[in-house]
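Colleague: no sequence for this one, just the structure:
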């Protein structure tokens, strides 16, 4: 029987979460041109309009995700990442469930995201589609970009 996932708000001070985010940053830059990468760096993830969570199994870090408030009714998913050792073990779904639940608890009516368009991002795109996200025009400060896919859903 699998053990439950534990999701906690994270202040990004731990070595393990910082290492996972460094892998995340490098992965984004390896699969899209730098000018098409829109990930938040450590300062961005610590901003007052962002809430960042890590997901764990026992004492092991399995992944992370964040919610950025765009305005009182619209949020953006940021920094969804699964640690290499936990790929294909069902980490992303509970994190996405958590972010959706938090967005609803905050009274948001819409949740959006930007992710890459290359094949490396297909697992993420498939997950978001399963959760009812649909492709949309660029939102917030984003501009059209062939290396980006923009998705949104109502809550």
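Modeller: Ah, there it is. Keep in mind that this is a model prediction, so the values were computed, not measured.
Colleague: Longest strand in this protein, please.
Modeller: If you go by DSSP state E, the chain has its longest strand at strand 60-71.
Colleague: what sits against residue 117?
Modeller: Applying Cβ atoms under 8 Å, 6 or more residues apart in numbering to residue 117 gives the contacts 32, 146-149. Quick note: C-beta positions are derived from backbone N, CA and C, even for glycine.
Colleague: ah, wrong one, I meant residue 69
Modeller: Counting by Cβ under 8 Å, 6+ apart, residue 69 makes contact with 49-50, 75, 106.
Colleague: Could you list the low-pLDDT ranges of the protein?
Modeller: 1-2 (pLDDT under 70).
Colleague: Pull out the buried positions in the longest helix along the chain.
Modeller: Criterion DSSP state H: the longest helix present in the chain is helix 15-31. Using 16 or more other Cβ atoms under 10 Å as the test for burial, helix 15-31 gives 17, 20-21, 24-25, 27-28, 31.
Colleague: Other residues contacting that helix?
Modeller: Contacts of helix 15-31 (Cβ under 8 Å, 6+ apart): 10, 12, 37, 39, 41-42, 45, 54, 61, 63-64, 79, 81, 83-84, 116, 118, 120-121.
Colleague: Show only the entries of those residues found in strands.
Modeller: 54, 61, 63-64, 79, 81, 116.
Colleague: I'd like the distance between the nearest residue to residue 120 once chain neighbours are set aside and residue 115.
Modeller: Once flanking residues are discounted, residue 120 sits nearest to residue 31: 4.4 Å by Cβ to Cβ, 6 or more residues apart in numbering. Distance of residue 31 to residue 115, given as Cβ to Cβ, to the nearest Å: 10 Å.
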